[in-house]
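> I need the structure of the sequence given here:
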Amino acid sequence: MEVDKGGYWEFLLGAKLRMTHGDGFQDLFNDFMLRVHGDDFTPIKPHGSQGDGGMDGALGNDVFQCYGAENGHVIDAARVCRKMTADFDRACATTPSMKRWRFAHNLVDGISRPLLDTLEEIKVLAAEKNIEVGFFGLHSFRKLLRRMSDDDRTAVLGVRAQDDMMLARLPEAINNLIAALMEEIKPVQETYTSRSQVPRDKLVLNNISRHWSYQIEYFLVFSPISRAVTRRLGGEKQSLLLPSFFRLRYEEMKHEGMTSSQILNTMRALLAGNVRSLDDDLREFAAMTVLADLFESCVIFEETRQEDNRDEIYDLAD
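Below is the predicted model of the structure:
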């Protein structure tokens, strides 16, 4: 499996890490470790008044602490840094046999400077105790992924890859979807009705402009056609792959600081392409139908606001 060549499994791994946070990330980490190391790895959970002793998992003399940021992005870095230091100190106090301490995270796009500086400070303290300290991130997950069977990769990441070139063919798949939708929508675009409706609070939550709100609400009535065509073209495989592709594109644009209108315009361009012909209006119509469906199903944008817009540090011992 050539994960390092940017294949399909790597795409799914990156998307999974970005979209998994908190307890979900700890569960994902445990799943990876158990499938590779079996009973040699021990997941740790607090039980009643018994805390976790500053560890989320142990492999021999290796101790792991998990941190799953919301959308793979650190907001309150100072809080995370304090937690890193406190977790290391607690692990040292409760686990005298510890030889290595690893901070497992889902920061696929890179570590923030404050976290790196804090780890360097912890390394100084750890050196006095002959303890090796480091991060456990994307590279470490890739190494585990290589050691898994296809069945385990499928179970962990959710979709079986047919080959490593599937991601490269997504633009072709999108074009085929739009072309098929054009044929389906053409005879009914003036008469079709549906009960689909975007909740008003979701439009407000994501700061969707009035212009885009009107368009999303209008084109959403055609979403059943969009979903039916997607299933017919590619079956279950494509109906799972395309949403993952668009979610990843959304996360990338969100992390770049793009506004909701900029994100929607970019998504529409990705769907409609740059073709100029007599069918342009119908192509735009089909693209907007898919875009509205992606919004309503929460593939792009969010359904609920994260409390205080903060990352959470998931340690049930607190």
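> give me the phi and psi angles of residue 57.
phi -170, psi 160 (degrees, to the nearest 10).
> which one is it nearest to, not counting chain neighbours?
Leaving out its chain neighbours, the residue that sits closest to residue 57 by C-beta to C-beta, 6 or more residues apart in numbering is residue 64, at 4.3 Å. The way it works is simple: take the backbone N, C-alpha and C, and place the C-beta from them, glycine included.
> burial count for that neighbour?
Number of residues near residue 64 (other C-beta atoms under 10 Å) recorded here: 24.
> that one in helix, strand or coil?
Secondary structure assignment for residue 64 (DSSP: H, G, I helix; E, B strand; the rest coil): strand.
> quick one, strands of the stretch 101-250 of the chain?
132-136 (DSSP state E, counting those that start in this stretch).
> in this structure the residue nearest to residue 57 contacts residue 136, no?
Yes: Residue 64 is within contact range of residue 136, at 6.4 Å (criterion: C-beta atoms under 8 Å).
> give me the common contacts of those two.
Counting by C-beta atoms under 8 Å, 6 or more residues apart in numbering, the residues touching both residue 64 and residue 136 are 29, 102, 104.
> now do the same contact list for the second one.
It refers to residue 102. Residue 102 touches 62, 63, 64, 65, 133, 134, 135, 136, 140, counting by C-beta under 8 Å, 6+ apart.
> run a quick neighbour tally on residue 255.
13.
> sorry, wrong one. I was asking about residue 183.
11.
> quick check: it vs residue 100, distance?
Distance of residue 183 to residue 100, given as C-beta to C-beta, to the nearest Å: 59 Å.
> hmm, back to that, check the residue nearest to residue 57 and give its pLDDT.
Looking at residue 64, its pLDDT stands at 96.
> if I look at it, how far off is residue 41?
Taking C-beta to C-beta, one finds residue 64 at 9 Å from residue 41.
> anything in contact with each of these two?
Joint contacts of residue 64 and residue 41 (C-beta under 8 Å, 6+ apart) are 33, 57, 58.
> which member of those is positioned nearest residue 227?
Using C-beta to C-beta, residue 33 comes nearest to residue 227 of the shared contacts of residue 64 and residue 41, at 36.3 Å.
> what packs against the host helix or strand of that closest one?
Per DSSP states H and E, residue 33 falls inside helix 22-37. Here helix 22-37 touches helix 8-19, strand 41-43, strand 57-59, strand 62-67, helix 138-146, helix 150-157, going by 3 or more C-beta pairs under 8 Å, 6 or more residues apart in numbering; DSSP states H and E.
> deepest-packed of those, please.
Counting by mean count of other C-beta atoms under 10 Å, strand 62-67 has the highest mean neighbour count of those, with a mean of 24.
> residues in contact with that one?
Contacts of strand 62-67 (C-beta under 8 Å, 6+ apart): 25-26, 29, 33, 54-58, 80, 83-84, 87-88, 91, 95, 98-106, 136, 313-315.
> relative to strand 132-136, how tilted is the next helix or strand after it?
Following strand 62-67 in sequence order, the next helix or strand is helix 77-94 (DSSP H and E). If you take axes from the mean of the first three to the mean of the last three C-alpha atoms, to 10 degrees, helix 77-94 sits at 130 degrees to strand 132-136.
> what subset of the contacts of strand 62-67 is buried?
Taking 16 or more other C-beta atoms under 10 Å as the criterion, what is buried in the contacts of strand 62-67 is 25-26, 29, 33, 54-58, 80, 83-84, 87-88, 91, 95, 98, 101-106, 136, 313-315.
> gap between residue 43 and residue 13?
Residue 43 is 20 Å from residue 13, by C-beta to C-beta.
> go on, residue 149?
Taken as C-beta to C-beta, the span from residue 149 to residue 13 is 15 Å.
> what do you get for residue 208?
Counting by C-beta to C-beta, the gap from residue 208 to residue 13 is 31 Å.
> hey, C-alpha coordinates of the helix holding residue 33 in PDB?
What follows is helix 22-37, C-alpha atoms only, in PDB (Å, rounded to 0.1, in the frame of the first residue of the first chain):
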ATOM      1  CA  GLY A  22     -12.700  14.900  21.300                       C
ATOM      2  CA  ASP A  23     -13.800  11.500  22.600                       C
ATOM      3  CA  GLY A  24     -14.300  10.400  19.000                       C
ATOM      4  CA  PHE A  25     -10.600  11.100  18.200                       C
ATOM      5  CA  GLN A  26      -9.500   9.100  21.300                       C
ATOM      6  CA  ASP A  27     -11.800   6.200  20.100                       C
ATOM      7  CA  LEU A  28     -10.200   6.400  16.600                       C
ATOM      8  CA  PHE A  29      -6.700   6.400  18.100                       C
ATOM      9  CA  ASN A  30      -7.600   3.300  20.200                       C
ATOM     10  CA  ASP A  31      -9.100   1.600  17.200                       C
ATOM     11  CA  PHE A  32      -5.900   2.100  15.200                       C
ATOM     12  CA  MET A  33      -3.600   0.900  18.000                       C
ATOM     13  CA  LEU A  34      -5.700  -2.200  18.900                       C
ATOM     14  CA  ARG A  35      -5.900  -3.300  15.300                       C
ATOM     15  CA  VAL A  36      -2.100  -3.100  14.900                       C
ATOM     16  CA  HIS A  37      -0.900  -4.000  18.400                       C
END
